[in-house]
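Participant: here are the coordinates; sequence isn't available:
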């Protein structure tokens, strides 16, 4: 909310570095549309991998991890959560699927944000969908075990009003379309994290809302390349830039640009990775062996023959078996579980 007050966004003197990031992102965005029209099967292959990676990485950032075989079963909805971490991952999976399928119909309102948070926790004993009942802090655990407060978010008693103001401000700017949509998305996420409206799950909600807003502005890169995975790889910069841009936030004197530069850098990195992966898949389209290897290379954790068949429906099972055997002999993959339900893994 503080980033929106007093017409601050319209007065921003945006650095040239950020202007260049936005321009490059928009160039890549046009290439994505070309692939969507000409090579939908390539996008489908990328989409399946990104969905799993996004769910896994967004939770891993918060220290929530499970075994690879359980992750796969949960993502395919072939099992039910059996503990708190699995419940949190299943909840993220469902909210992410909702955003992918219905982003255009999802309003940016406090009620909808609470509903998404409720769904995030529907498989856990925790009660989601309610604003924080008490004040919270954003802390850092030092190597010596001491906890240091990095930021004091909006107090619990002021959170409902802060979220009302944040959503109203965003929707007003969304309607007039005078602020660049990438900047608008970035500052909304920054303000959301500074409010920190929930007792738990704020980071995951911020990443889900990032995708929702980007999709509304036709930046659908998060469908094909996991933004959450890229954030996980640069987690230290993620927290450092959030901290830098939160200084002076309560007084409306904060510098948004450290966070915006990081945020836009992640989006640009995703578009670049998309270009590389889509190009590799397209180049290997004529060679079934290369296609299969490329698909396997995108899997996280264990996989089965059926996973390859789903991405490459035009390749026969005997051909997949033959290529798998060759890759095993090359030492590229190894079998984890033999038999009818054989499972494989990339050899490290």
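Facilitator: In hand now; what should we look at? Owing to the predicted nature of the structure, the values given are computational and were not obtained by experimental measurement.

Participant: which parts of the stretch 51-200 of the chain are helices?
Facilitator: Using DSSP state H, counting those that start in this stretch, the helices found in the stretch 51-200 of the chain span residues 68-75, 84-102, 110-120, 159-176, 181-195.

Participant: redo those helices as TSV? Include distance to residue 16 and mean pLDDT.
Facilitator: Where C-beta positions appear, they are placed from N, C-alpha and C, glycine not excepted. Shown next, in TSV, are the helices of the stretch 51-200 of the chain (distance: least, CB to CB, whole Å; pLDDT from 0 to 100):
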stretch	distance to residue 16	mean pLDDT
helix 68-75	42	89
helix 84-102	33	97
helix 110-120	34	98
helix 159-176	23	97
helix 181-195	14	98
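
Participant: tell me the most buried of the ones you listed?
Facilitator: helix 181-195 (a mean of 23; mean count of other CB atoms under 10 Å).

Participant: which helices and strands does the following helix or strand past that helix pack with?
Facilitator: On the C-terminal side of helix 181-195, the closest following helix or strand by DSSP states H and E is helix 202-216. For helix 202-216, the packing partners by 3 or more CB pairs under 8 Å, 6 or more residues apart in numbering; DSSP states H and E come out as helix 40-61, helix 84-102, helix 110-120, helix 181-195, helix 227-233.

Participant: report the contact partners of the nearest residue to residue 208 once chain neighbours are set aside.
Facilitator: Leaving out its chain neighbours, the residue that sits closest to residue 208 by CB to CB, 6 or more residues apart in numbering is residue 95, at 5.7 Å. Residues near residue 95 by CB atoms under 8 Å, 6 or more residues apart in numbering: 116, 119-120, 208.

Participant: now do the helices in the stretch 201-348 of the chain.
Facilitator: 202-216, 227-233, 235-246, 257-283, 288-298, 305-311, 317-330.

Participant: hmm, back to that, among the contacts of residue 95, which pair sits farthest apart?
Facilitator: Farthest apart among those by CB to CB are 119 and 208. That separation is 10.0 Å.

Participant: residues in contact with stretch 97-109?
Facilitator: With contact meaning CB under 8 Å, 6+ apart, stretch 97-109 is reached by 51, 112, 116, 119, 167, 170-171, 174, 208, 211-213, 215-216, 223.

Participant: change it to 10 Å
Facilitator: The contact list for stretch 97-109 (CB atoms under 10 Å, 6 or more residues apart in numbering) reads 47, 50-51, 54-55, 75, 77, 112-113, 115-116, 119, 163-164, 166-168, 170-171, 174, 188, 208-216, 220, 222-223.
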